[in-house]
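Novice: Dropping a prediction and its sequence here:
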Amino acid sequence: SEAKLPRDYPAPGPVNEVIVKTYPTHRLARVTGEVGDNSMFMRLFRHIERNDIAMTAPVEMNWSKEPAPDKAGGAESMAFLYRSTEIGSVGVDEKDNRIVVTDTVEMSVVSIGVRGSYDQKTFMRSLHALEAWLEVHPEWTRSGSPRMLAYNSPFVPWFLKYSEVQIPVSFAGKQKP
C-alpha cells in the first residue's frame, strides 16, 4: 500500500482534468541543488529514517519553467512532507545541512493529474496543459514556480505511476471579456 497523505491534505485530483486546489500549511524537509532525483530522494529518505518520521505521499519536486537539460528530470529541489506540523521541528538538519525543514503557508494551485513516469517529458507536457488553461482563465494568475507531486513508491511500474503537476496561483478576480 502507498504512504498516507499529510493531515488535511486534499486528495489527488482526476487524471487529465485541470482543477484548482488549496493546500493547508504543512511541514516538509527539502533538499535543493543536487543533480539527479535519486540522490535527493536518498538524502531525504535517510533524514526521515534517522529522525523516525513516517514516509508520506506525495513527494514534492519543484521545477523551473524550463528545466535545465543538465539536471536529471529537471527538478531543482525535492521535499518529503511530514504527516503534521507537530512532528519534528523546523531548521537545518544537524546531520545533513543540505536538508532544511520548514512549514509552508496555505497555497492555491492549478493542478492536473497525470499517469506515467516522473520525468521531464511528463512534466513539460502537463505544464503546457496548465499554461493553456491559465490563458483562458485570467481570473487566476501565476504566483510561484511549478511543481510535481509524485504519489507512488519506486516499485510501481512507470505506466501506473500517478502524479500531479501544479502551478501556484492567486485569484485575480477578473473574468475574460
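Specialist: That came in fine, so what should we check first? Numbering: from 1, shown residues only.

Novice: Now for residue 92: which residues touch it?
Specialist: Contacts for residue 92 (Cβ atoms under 8 Å, 6 or more residues apart in numbering) come out as 99-101. All C-beta spots, glycine's among them, are computed from the backbone N, C-alpha and C.

Novice: Strands of this protein, residue ranges please.
Specialist: Residue ranges of the strands in the chain, as given by DSSP state E, are 18-23, 27-32, 59-63, 75-81, 91-93, 96-103, 107-115, 140-142, 147-150, 162-171.

Novice: Same list, the ones you listed, but as JSON lines with distance to residue 53 and mean pLDDT please.
Specialist: What follows is the strands of the chain, written out as JSON lines (distance: least, Cβ to Cβ, whole Å; pLDDT from 0 to 100):
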{"stretch": "strand 18-23", "distance to residue 53": "19", "mean pLDDT": "97"}
{"stretch": "strand 27-32", "distance to residue 53": "8", "mean pLDDT": "95"}
{"stretch": "strand 59-63", "distance to residue 53": "13", "mean pLDDT": "88"}
{"stretch": "strand 75-81", "distance to residue 53": "8", "mean pLDDT": "90"}
{"stretch": "strand 91-93", "distance to residue 53": "11", "mean pLDDT": "97"}
{"stretch": "strand 96-103", "distance to residue 53": "10", "mean pLDDT": "95"}
{"stretch": "strand 107-115", "distance to residue 53": "22", "mean pLDDT": "97"}
{"stretch": "strand 140-142", "distance to residue 53": "32", "mean pLDDT": "95"}
{"stretch": "strand 147-150", "distance to residue 53": "18", "mean pLDDT": "95"}
{"stretch": "strand 162-171", "distance to residue 53": "22", "mean pLDDT": "96"}
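
Novice: how about a markdown table for the ones you listed, with distance to residue 50 added?
Specialist: As requested, the strands of the chain are arranged in a markdown table below (distance: least, Cβ to Cβ, whole Å):
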| stretch | distance to residue 50 |
| --- | --- |
| strand 18-23 | 27 |
| strand 27-32 | 11 |
| strand 59-63 | 18 |
| strand 75-81 | 13 |
| strand 91-93 | 9 |
| strand 96-103 | 9 |
| strand 107-115 | 29 |
| strand 140-142 | 37 |
| strand 147-150 | 22 |
| strand 162-171 | 27 |
